[in-house]
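Colleague: No sequence on hand, only this structure:
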């Protein structure tokens, strides 16, 4: 899992440190504070870390580079950042300012297990490796973008490999993980308690048939996934990746805006699923704008096994870049923009209905 991430001069971050929980991590903040950039950066370094580890399983969806040389590591870091962020050049990811600057990133995955590197504003694809992590297995992280990927899945990996398209690489990686065959036997039975609540939300089970995803509805047959509500498609992705073992007790899930296209009733169920995953050993890192989702995750974290293994991070823009505040629960944070706006709306409502009457 990802223990910490130190960021210097990267996009909107001047000098920030994130100490992650092994369980649930929630990133909040208004637009432009770097929530998605943080998730994508953490995912990118975790993915390269995964490629560097030794792996004995036969997994057709992923390429592994055990024993990577320094030059190959540097190349893979640059390729991953460019693929995920889609800048014109790598140097465009440096924090903007006068003169030449240098971004420096360090991700820690455990005792003496760190990946540290830097690059300058004039870098095209050049990365300087400072520390390389240990050469042992690290499971591939999963990234859920704000938009679902099941409807994009048919033929998408081949298209991405053969054509220049502007969609970022998180969708390609996600489609590769969706290609992994389902678990069976004892391992499949072990994840039943995680999948069943998701199937109850969807009203059926998701399956892959001849390169396309479908939702099987008891007594109604099957429905093409493109005809299913988008919110349910995101839940279907979660269920299928749990069913094929991609979300296991040693994995890391990054999810950007899990609340998108979900109503509050379903948000609460998704929040409960995320806590069950965290309780089961999956490191969960989500970024959200939604006050309801924030409060639900905080409430569940306080009352679960994750009480001491949850972390909430509030990002805000200061004079010197993004400022970071963290706490074990939502109430530990002093700056919660969503809450401030809800209270401001209440004030406007009171003024509208009662102004001048008292």
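Modeller: Sure, I can see it. Since the model is a prediction, treat every value here as computed from it, not as a measurement.
Colleague: So residue 126 sits against residue 119, correct?
Modeller: Yes: at 6.2 Å, residue 126 counts as touching residue 119 under the criterion of Cβ atoms under 8 Å. Yep, even glycine has a C-beta here, placed from its N, CA and C like the rest.
Colleague: Any chance you could list residues touching both of these two?
Modeller: 78, 90 (Cβ atoms under 8 Å, 6 or more residues apart in numbering).
Colleague: Neighbour count: the two, which is higher?
Modeller: residue 119 (26 against 15; other Cβ atoms under 10 Å).
Colleague: tell me which element the more buried one falls in.
Modeller: Element membership for residue 119 (DSSP states H and E) is strand 114-120.
Colleague: Can you name the residues in contact with that strand?
Modeller: The contact list for strand 114-120, computed with Cβ under 8 Å, 6+ apart, reads 45, 48-49, 74, 77-78, 90-91, 93-94, 100-109, 126-133.
Colleague: again, but for stretch 37-49
Modeller: By Cβ under 8 Å, 6+ apart, the surrounding residues in contact with stretch 37-49 are 2, 5, 7, 10-13, 18, 27, 73, 76-77, 80-81, 84-85, 105, 107, 109, 115, 133, 138, 140-141, 143, 168, 170, 173, 252, 254-256, 285, 287, 315.
Colleague: Mark which of the residues you listed are part of helices, please.
Modeller: Judged by DSSP state H, helices contain the following of those: 73, 76-77, 80-81, 84-85, 170, 173.
Colleague: okay if I get those as JSON lines plus pLDDT and neighbour count?
Modeller: Below are these laid out as JSON lines (pLDDT from 0 to 100; neighbours: other Cβ atoms under 10 Å):
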{"residue": "73", "pLDDT": "94", "neighbour count": "21"}
{"residue": "76", "pLDDT": "96", "neighbour count": "18"}
{"residue": "77", "pLDDT": "97", "neighbour count": "23"}
{"residue": "80", "pLDDT": "98", "neighbour count": "20"}
{"residue": "81", "pLDDT": "98", "neighbour count": "26"}
{"residue": "84", "pLDDT": "97", "neighbour count": "21"}
{"residue": "85", "pLDDT": "97", "neighbour count": "19"}
{"residue": "170", "pLDDT": "97", "neighbour count": "23"}
{"residue": "173", "pLDDT": "97", "neighbour count": "24"}
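Colleague: follow-up on the earlier one: give the PyMOL command for selecting the buried subset of the contacts of strand 114-120.
Modeller: Restricted to buried positions by 16 or more other Cβ atoms under 10 Å, the PyMOL selection for the contacts of strand 114-120 reads:
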select buried, resi 45+48+49+74+77+78+90+91+93+94+101+102+103+104+105+106+107+108+109+127+132+133
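Colleague: Out of the contacts of strand 114-120, name the ones that lie in strands.
Modeller: Of the contacts of strand 114-120, the ones assigned to strands by DSSP state E are 102-108, 128-131.
Colleague: Pull the most distant pair out of these.
Modeller: The most widely separated members of the ones in strands among the contacts of strand 114-120, counting by Cβ to Cβ, are 102 and 108 (20.1 Å).
Colleague: Look up how far residue 185 lies from the nearest residue to residue 187 once chain neighbours are set aside.
Modeller: Once flanking residues are discounted, residue 187 sits nearest to residue 245: 6.6 Å by Cβ to Cβ, 6 or more residues apart in numbering. Residue 245 sits 12 Å away from residue 185, going by Cβ to Cβ, to the nearest Å.
Colleague: Pick out whichever of these two has more residues nearby.
Modeller: Set side by side, residue 245 and residue 185 show more neighbours around residue 245, with 20 against 7, by other Cβ under 10 Å.
Colleague: so that one sits right up against residue 180, yeah?
Modeller: Yes: here residue 245 reaches residue 180: they are 7.1 Å apart, a contact under Cβ under 8 Å.
Colleague: buried ones in stretch 129-145?
Modeller: Neighbour-count burial for stretch 129-145 flags 132-134, 138-145 (criterion: 16+ other Cβ under 10 Å).
Colleague: quick one: which of the residues you listed is nearest to residue 271?
Modeller: Nearest to residue 271 among the buried residues of stretch 129-145 is residue 144, at 14.3 Å by Cβ to Cβ.
Colleague: What distance do you get for that closest one to residue 123?
Modeller: Residue 144 sits 29 Å away from residue 123, going by Cβ to Cβ.
Colleague: can you map out the strands along this structure?
Modeller: With strands called from DSSP E, the chain shows them at 4-10, 13-19, 24-29, 102-108, 114-120, 128-131, 142-144, 205-209, 212-217, 221-224, 252-256, 283-288, 310-318, 321-327.
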